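>>> Structure, please.
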Amino acid sequence: MFLSSVNLAASMYDAAFPTIMLSRNGGNERVMGIVNTVIGISTLIGSIIASVSKAPKSRIKVICNCLLFSISTENILLAFGQNVFVWSIAGFLGWIVIPVMNANLSAVMRLKIPENMQGRIYSVRNSFQFFTIPVGYFLGGFAVDYIFEPFMSQQKNSVLSALFGTEKGSGAALFFFVIAIFGTAVCLYFRRRKSIWKLENQENSRL
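Coordinates of the predicted model:
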């Protein structure tokens, strides 16, 4: 359920991402291409880091902290950023830790689940983990087009307009700020759940 909540935030991010890149402050296809290239490079670097790093003392802490860092930094920078340079930094910081998180998540699952049950457990886990993605795509697109963009267009001379502007894309910027708050709250909530940390104790007992 932790990962399904994170995927809800991530899929809403995916739905709103083109709006920022293509419409805010002169953004265009070239800007979106640059940021996507940076994201690809950061993911590759993160994969190399994950492959050469030693096993951490606490895989659960790494998983939680990576997701918290990714969601909070990237979405905040996308919300307040005004140019391709800031957006590229956002993409780099947001994605460089994801391969590290995935590597430790896979290690926890493979060390915890007996081999003869892995097929069944993975199918159930994937059903819970990924069912929120189409929901997030729908909510993200709907929220930006019909709620946040119209709302921001009416916020002239307000605190919100000073922070996010009123031009096209300002609603998406506010939406990214909301995603950052939501994602951070999710990570902090599940990070405190004892059931999450029991996975680590059970994993260690099998080593």
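>>> C-alpha only now, for contacts and for neighbours.
OK.
>>> Flag the shaky bits of the chain, pLDDT-wise.
Along the chain, segments meeting pLDDT under 70 span 25-27, 201-207.
>>> again, only using 50
203-207 (pLDDT under 50).
>>> Break down it into its helices, ranges please.
If DSSP state H is used as the criterion, the helices of the chain fall at 2-23, 29-52, 59-80, 84-95, 98-112, 118-130, 132-143, 149-153, 159-164, 170-191, 194-206.
>>> what residues does stretch 84-98 touch?
27, 31, 34-36, 38-39, 41-47, 66-67, 69-71, 73-75, 77-78, 81 (CA atoms under 8 Å, 6 or more residues apart in numbering).
>>> Among these, name the buried ones.
For those, a burial check counting by 16 or more other CA atoms under 10 Å picks out 27, 31, 34-36, 38-39, 41-43, 45-47, 66-67, 69-71, 73-75, 77-78, 81.
>>> Quick check on residue 82: phi, psi?
phi -120, psi 0 (degrees, to the nearest 10).
>>> That one contacts residue 24, correct?
Yes - if you go by CA atoms under 8 Å, residue 82 and residue 24 touch, sitting 7.5 Å apart.
>>> Report the contact partners of residue 183.
5, 6, 9, 68, 71, 72.
>>> again, only using 6 Å
Shown in contact with residue 183 (CA atoms under 6 Å, 6 or more residues apart in numbering): residue 71.
>>> Quick check: it vs residue 114, distance?
Using CA to CA, to the nearest Å, residue 183 is found at 31 Å from residue 114.
>>> Kindly report the same for residue 145.
Distance from residue 145 to residue 114, by CA to CA: 46 Å.
>>> So between these two, which is more surrounded?
Set residue 145 next to residue 114 and count neighbours by other CA atoms under 10 Å: residue 145 wins out with 16 against 11.
>>> Would you quantify the distance from that one to residue 16?
In terms of CA to CA, residue 145 sits 9 Å off from residue 16.
>>> Same check on residue 126?
Plainly put, residue 126 is 24 Å away from residue 16 if you go by CA to CA.
>>> which of the two has more neighbours?
For the pair residue 126 and residue 16, the greater number of neighbours falls to residue 16 (25 against 12), based on other CA under 10 Å.
>>> Please work out how many residues are found near residue 102.
17.
>>> Quick one: neighbours of the residue lying closest to it once chain neighbours are set aside, just the number.
Nearest non-adjacent residue to residue 102, counting by CA to CA, 6 or more residues apart in numbering: residue 63, 7.7 Å away. A count of nearby residues for residue 63, using other CA under 10 Å, gives 21.
>>> Please apply the same query to residue 28.
Going by other CA under 10 Å, the residues that sit close to residue 28 add up to 15.
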